[in-house]
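[1] pasting the sequence and the predicted model now:
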Amino acid sequence: MLELDKIHCGDNCDLLGQLPRECIDLVVTSPPYDDLRTYGGHSWDFFGVAWQLKRVLKPGGVIVWVVADATKDGSETGSSMEQALHFKRLGLNLHDTMIYRKANYTPLTHNRYEQEWEYCFVFSAGKPRVFAPKKTPCTYAGQKTWGEPNMYKDNSGNLTRVKQTVINDDKIAGNVFTYEVGSRKTGDIAHPAMFPFALARDHIATWSNPGDLVLDPFSGSGTTAKAAKELGRRFLGFEINPEYCAIAERRIAQQVLELEAV
Ligand SMILES: C[S@@+](CC[C@H](N)C(=O)[O-])C[C@H]1O[C@@H](n2cnc3c(N)ncnc32)[C@H](O)[C@@H]1O
């Protein structure tokens, strides 16, 4: 078993092969999108990584896969959806197709509306073992409503109205999560595609318990690892580019939020 609470520098398929089966509670990760960036000329094997992730995930474990398509010859590639369907073919549930929305997206002024979001596929090995959702206030909290369905048959078979209920203070949040993007607030961190710290934190808090083991096989600047540490989870990060490994180790060593864009 690889040493825990550490970023391991190397190819993720090789490193995943060193893990025993069913040892990971949660994966929060974002692979390179199509061939938009090579991060120093490195490549990766989607089919190998997907197979290994399925192998190392515990029953009830979850994979959060953040991805988007390149546009080639005027058409989106559709590779994100192909990847999602492949995870399904491997036997994982496509538990939820969530959206990661960028509050401050970059305008590219093409001949279409600006790209404002990325997929955030949530795969699970059976039913997710942990679900501690974010909540949002109900607009009509405290007001009375008629339940659904409006009419039902009582014990005597007579149609009658259901009892009035009072609307709760809050409800489970919607599956579009919006974040500020960009690394300016994170000082000297030089990674071109960090995801927001709050995205990693929210998914780790939702799909895992303290003490669980969280993996990011495309660790980059170590956002997932840092959030996992902060939330009291164990972590493993795999990253092929030694420069990014060094950045991640530095970030993880920092004490608390510091300059993080939360
Ligand atoms: C989209 S970035 C991830 C950024 C990360 N979420 C963060 O917040 O910094 C993808 C990362 O995958 C790494 N990568 C590419 N091929 C890899 C491979 N075969 N094994 C391990 N990491 C790889 C790249 O170097 C890059 O840092």
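    Received the coordinates, thanks.
[2] in the stretch 51-200 of the chain, what residue spans correspond to helices?
    79-89, 197-207 (DSSP state H, counting those that start in this stretch).
[3] buried deepest among those helices, which one?
    Mean neighbours per residue, mean count of other CB atoms under 10 Å, is largest over these for helix 197-207, with a mean of 22. Just so you know, the C-beta spots here come from the backbone N, C-alpha and C atoms, and that holds for glycine as well.
[4] summarise which helices and strands the next helix or strand after that one is packed against.
    As assigned by DSSP states H and E, the chain's next helix or strand after helix 197-207 is strand 213-216. Judged by 3 or more CB pairs under 8 Å, 6 or more residues apart in numbering; DSSP states H and E, strand 213-216 is in contact with strand 24-29, helix 223-230, strand 234-239.
[5] quick one: closest of the helices of the stretch 51-200 of the chain to the ligand.
    Nearest of these to the ligand, taken as CB to the nearest ligand atom: helix 197-207 at 7.2 Å.
[6] okay, the helices and strands packed on strand 213-216 in a markdown table with distance to Val67 next?
    Listed next are the helices and strands packed on strand 213-216 as a markdown table, based on distance: least, CB to CB, whole Å:
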| stretch | distance to Val67 |
| --- | --- |
| strand 24-29 | 9 |
| helix 223-230 | 15 |
| strand 234-239 | 17 |
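[7] please convert the ones you listed to TSV, extending it with mean neighbour count and distance to the ligand.
    Putting the helices and strands packed on strand 213-216 into TSV (neighbours: other CB atoms under 10 Å; distance: least, CB to the nearest ligand atom, whole Å) gives the following:
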stretch	mean neighbour count	distance to the ligand
strand 24-29	26	7
helix 223-230	25	3
strand 234-239	26	5
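[8] can you lay out the ones you listed as a markdown table showing mean pLDDT and distance to Leu215?
    Listed next are the helices and strands packed on strand 213-216 as a markdown table, based on pLDDT from 0 to 100; distance: least, CB to CB, whole Å:
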| stretch | mean pLDDT | distance to Leu215 |
| --- | --- | --- |
| strand 24-29 | 98 | 5 |
| helix 223-230 | 97 | 8 |
| strand 234-239 | 98 | 5 |
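[9] so where's the stretch 51-200 of the chain shaky on pLDDT?
    146-152, 161-163, 183-189 (pLDDT under 70).
[10] just the endpoints, please. Distance across stretch 84-99?
    14 Å (CA to CA, to the nearest Å).
[11] that one: how far from the chain's middle?
    From the chain centre to the centre of stretch 84-99 is a distance of 13 Å (CA atoms, centre = their mean, to the nearest Å).
[12] please enumerate residues in contact with that stretch?
    The set of residues external to stretch 84-99 that reach it, using CB atoms under 8 Å, 6 or more residues apart in numbering, is 46-47, 50-51, 54, 57, 62-63, 65, 117-128, 175-177.
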